[in-house]
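>>> what's the 3D shape of this:
(chains A and B)
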Number of protein chains: 2
Amino acid sequence: MTRTIGVDVGGTKVAAALVDGDGHVQTRARRSSASRDYQGLLDAVTGTVEEAAAGESVDAVGLAIAGNVTADGSSVLFSPHLPLSGEPLQVDLQNRLGCPVTVDNDANAAAWAEFQFGSHGATDDLLLVAVGTGIGAGIVIGGALYRGSNGFAGEAGHMTVVRDGRVCPCGSRGCWERYASGTALLAAYLERGGNPELGGPDITTAALAGDGTAREALTDIGDWLGRGLSSLVAVVDPGAVIVGGGVSEAGALLLDPALKAFRSNLTGRGRRPEPAITAARLGVDAGVIGAAALAGHHVK
Amino acid sequence: MTRTIGVDVGGTKVAAALVDGDGHVQTRARRSSASRDYQGLLDAVTGTVEEAAAGESVDAVGLAIAGNVTADGSSVLFSPHLPLSGEPLQVDLQNRLGCPVTVDNDANAAAWAEFQFGSHGATDDLLLVAVGTGIGAGIVIGGALYRGSNGFAGEAGHMTVVRDGRVCPCGSRGCWERYASGTALLAAYLERGGNPELGGPDITTAALAGDGTAREALTDIGDWLGRGLSSLVAVVDPGAVIVGGGVSEAGALLLDPALKAFRSNLTGRGRRPEPAITAARLGVDAGVIGAAALAGHHVK
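Numbering: from 1, shown residues only, chains lettered A, B, ... in the order given. As a prediction, this is how the structure comes out:
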């Protein structure tokens, strides 16, 4: 048995898990990100891996990371939330951990996890859209992860949906994620006079508990979500679409308006098969599971 | 030597050509489309093929067709300009022509031609955007044409760029091709008080001759073209982008504003490699050349 650990490195936490070959999490370790600098990030990854390994040897480690990973998986060129800008991350971690390390984008890892272990039906072409603070996408084509020429494919959150629209941290304006992410949820909720003390996850909790303002805000971003999905499906024509990320915890409150908008905007609707759009099955574990599966792939 | 004929079936013409293995056109035949019905379309294809064959035998025929071709290439589910809605086109033509026939979308065929015989540099991931009456896209991934789960990938002209924007014949609103195609060029030209007697190609000719109004109209649609390309590149991350289709005959008058808008809108710009955006090399022959190459592929 290959012992493989997946690590999900986000802006606010580092989570590691020992994952078996069927995608089941065996042990977990987690810490809030102590990653104000590169060495601290290496320390946090190494520390959680050692904790998840629980004293036993590890054959491979896979990282899922919120950033632009180079096509060869050696480095992260840019991340809005992490202190990474081209350092030799893969080699540095291999030296510290003494085993093969793979590095991948977090949406790619989640897409791979859902493709391998999720419930998307029988398709080799799958699109995962992760709706969190921003929007990322992972694309599986012909049963393999599609990374693009430079490793940056799937930056769907930065499709322009409003010309000269809301300013985006990426440097552009009118990006999809400014209208359909957790950040947009907060904006839509405040716009409607919602409680300014709530954060994104609290708004989802309030909506699930029946709060009308929170539900309207989810309907608003769900509508934008569906519109963007119709553009993505026009280009990629996947066999299935999976919506993951933290905001997808809202379930039907997000997906119902998204489906409605998707169906009203998809080109050729009624004269073409439409992909099913479903919620991710693996939830917040998708990153570690996918990262472990991608790492295990390399040592098999 | 395989004798292969490519046929480009558009809304206003059927063009056939005998194409050699290096993508060079040997003989041509052309007729304006007599395709008010399905039998007429079969007649037009058969007639041009026989004319291009010039009395000699043919090993394979490839069709490039402006419509939604099923993934298995057997049929066209829908075409806004042609009398096709699910007939067994491939089998019917094979019976008439007595040789293997392949059917592909016209933007796919053009992308394949540019990939095989164009000047895109060394990449296996290429995006061709054909700007004509509408906008189509062909995507080459890993050296193979990417058709999507249902055969409809690359319908990039129907990405929504303006919420509730201009009405599109596809049934949606605000589609990219309503702002960046030949149809949009005509609208932009008329909006600026241009000569209402000119058609799209005349406007390009006028612009190339120095007409200020025509140039402004091209700048307008070029700007929209570049904005859409930045969204497409964010998702697909191709190694090269090729702009083809009739409107690309305007050259720099279209591509310069497109490049400017692309560079101002691409996410992560300055922190990532950017694909070169160049004009198609094969011009109006891309469809027949790509169709022939795809057909030859099958009989080799």
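
>>> for the most centrally placed residue in chain A, give me the pLDDT.
The centre of chain A sits closest to A:A107, judged by CA atoms, centre = their mean, with a distance of 3.4 Å. The model reports A:A107 with a pLDDT of 95.

>>> the helix or strand containing it - contacts with which helices or strands?
Counting by DSSP states H and E, the element that carries A:A107 is helix A:106-117. Applying 3 or more CB pairs under 8 Å, 6 or more residues apart in numbering or on different chains; DSSP states H and E, we find helix A:106-117 packed against strand A:4-9, strand A:60-65, strand A:126-131, strand A:135-141, strand A:144-146, strand A:240-244, helix A:286-299. Heads up, the C-betas are built off the backbone N, CA and C, glycines and all.

>>> which other residues reach the last one?
The contact list for helix A:286-299 (CB atoms under 8 Å, 6 or more residues apart in numbering or on different chains) reads A:2, A:4-8, A:10, A:15-19, A:21, A:23, A:25, A:59-64, A:100-102, A:104, A:106, A:108-114, A:116-117, A:145, A:244, A:280, A:282.

>>> mark which of the residues you listed are buried, thanks.
A:4-8, A:10, A:15-19, A:23, A:25, A:59-64, A:100-102, A:104, A:106, A:108-114, A:116-117, A:145, A:244, A:280, A:282 (16 or more other CB atoms under 10 Å in any protein chain shown).

>>> quick one: buried residues of the top helix by length along chain A?
If you go by DSSP state H, chain A has its longest helix at helix A:212-236. Within helix A:212-236, the residues that count as buried by 16+ other CB under 10 Å are A:213-215, A:217-236.

>>> so how far is that helix off the chain centroid?
17 Å (CA atoms, centre = their mean, to the nearest Å).

>>> likewise stretch A:280-292?
9 Å.

>>> which one of the residues in the stretch 151-300 of chain A is closest to chain B?
Residue nearest to chain B within the stretch 151-300 of chain A: A:D237 (2.6 Å; CB to the nearest CB).

>>> quick check: closest non-adjacent residue to that residue.
Take A:D237 and drop its neighbours on the chain: the residue closest to it by CB to CB, 6 or more residues apart in numbering or on different chains is B:G148, 2.6 Å away.

>>> so the one you found: helix, strand or coil?
coil (DSSP: H, G, I helix; E, B strand; the rest coil).

>>> repeat for A:G23
Under three-state DSSP, A:G23 falls in the coil class.

>>> what's near enough to touch the residue nearest to it when sequence neighbours are not counted?
Counting by CB to CB, 6+ apart, A:G23 lies nearest to A:F117, which is 3.5 Å off, once chain neighbours are set aside. Going by CB under 8 Å, 6+ apart, A:F117 touches A:22-23, A:281-282, A:289, A:293.

>>> mark out where each domain of chain A begins and ends.
Chain A breaks down into these domains under automatic domain parsing: A:4-109+A:285-299, A:121-280.

>>> surely A:D256 is in a strand?
No - according to three-state DSSP, A:D256 belongs to no strand; its state is helix.

>>> and it, how many neighbours?
14 (other CB atoms under 10 Å in any protein chain shown).

>>> surely it and A:D223 touch.
No - using CB atoms under 8 Å, A:D256 is not in contact with A:D223, being 10.2 Å away.

>>> ok, now how distant is A:Q116 from A:T4?
Distance from A:Q116 to A:T4, counting by CB to CB, to the nearest Å: 13 Å.

>>> what do you get for A:A54?
Distance from A:A54 to A:T4, by CB to CB: 14 Å.

>>> joint contacts of these two?
A:L18.

>>> chain B contacts on the stretch 51-200 of chain A?
A:68, A:77-78, A:85, A:123-125, A:137, A:141, A:146-156, A:158-163, A:168, A:170-172, A:175 (CB under 8 Å from any CB of the partner chain).
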